[in-house]
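A structural model of the following input is requested.
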Amino acid sequence: MAFKIIWSRQAHDDLRDIVSFIAANNRPVAESFGFRLMAKVDLLAQFPQIGRVVPEEQDENIREVILPPYRIIYRVLPENHVVAIARVWHGARGEPEIPSRLEY
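Numbers count the residues shown, from 1 in each chain. Reported below is the predicted structural model:
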């Protein structure tokens, strides 16, 4: 059974800000990046455990996949068959804040 993908408000804002920033210099690259990121996230519906455990969190259900230089951080909610995208974070920015309770 496929997992449902949901995005936190913060992750949605992160993605919008990243794509807008890239688009200011190169709109086609921004569009391509957005599509590649969404394709990476779509894989999580079938393979929610594909990402590694986020090292800063040490929680089996908080994972990340990388689309260089960005970290797509998500929480697996196996009992609900949900993958909740928590943040889309530039790797050079250090550790992101991952709220214990996500707002959707």
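
low-confidence bits of the chain, can you list those?
99-104 (pLDDT under 70).

buried ones in the lengthiest helix in it?
For the chain, the longest helix by residue count, based on DSSP state H, is helix 27-46. Neighbour-count burial for helix 27-46 flags Ala30, Phe33, Gly34, Leu37, Lys40, Val41, Leu44 (criterion: 16 or more other C-beta atoms under 10 Å). Just so you know, the C-beta spots here come from the backbone N, C-alpha and C atoms, and that holds for glycine as well.

just the C-alpha atoms of it, please, in PDB.
The C-alpha trace of helix 27-46 is given here as PDB (Å, rounded to 0.1, in the frame of the first residue of the first chain):
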ATOM      1  CA  ARG A  27      13.900  30.300 -14.500                       C
ATOM      2  CA  PRO A  28      14.400  27.100 -16.500                       C
ATOM      3  CA  VAL A  29      16.900  25.800 -13.900                       C
ATOM      4  CA  ALA A  30      14.400  26.600 -11.100                       C
ATOM      5  CA  GLU A  31      11.600  24.800 -12.900                       C
ATOM      6  CA  SER A  32      13.900  21.700 -13.600                       C
ATOM      7  CA  PHE A  33      15.000  21.700  -9.900                       C
ATOM      8  CA  GLY A  34      11.400  21.800  -8.700                       C
ATOM      9  CA  PHE A  35      10.400  18.900 -10.900                       C
ATOM     10  CA  ARG A  36      13.500  16.800  -9.800                       C
ATOM     11  CA  LEU A  37      12.700  17.500  -6.200                       C
ATOM     12  CA  MET A  38       9.100  16.500  -6.500                       C
ATOM     13  CA  ALA A  39      10.100  13.300  -8.300                       C
ATOM     14  CA  LYS A  40      12.400  12.500  -5.400                       C
ATOM     15  CA  VAL A  41       9.600  13.100  -2.900                       C
ATOM     16  CA  ASP A  42       7.200  11.000  -5.000                       C
ATOM     17  CA  LEU A  43       9.500   8.000  -4.500                       C
ATOM     18  CA  LEU A  44       8.800   8.100  -0.800                       C
ATOM     19  CA  ALA A  45       5.200   7.000  -1.400                       C
ATOM     20  CA  GLN A  46       6.400   3.600  -2.400                       C
END
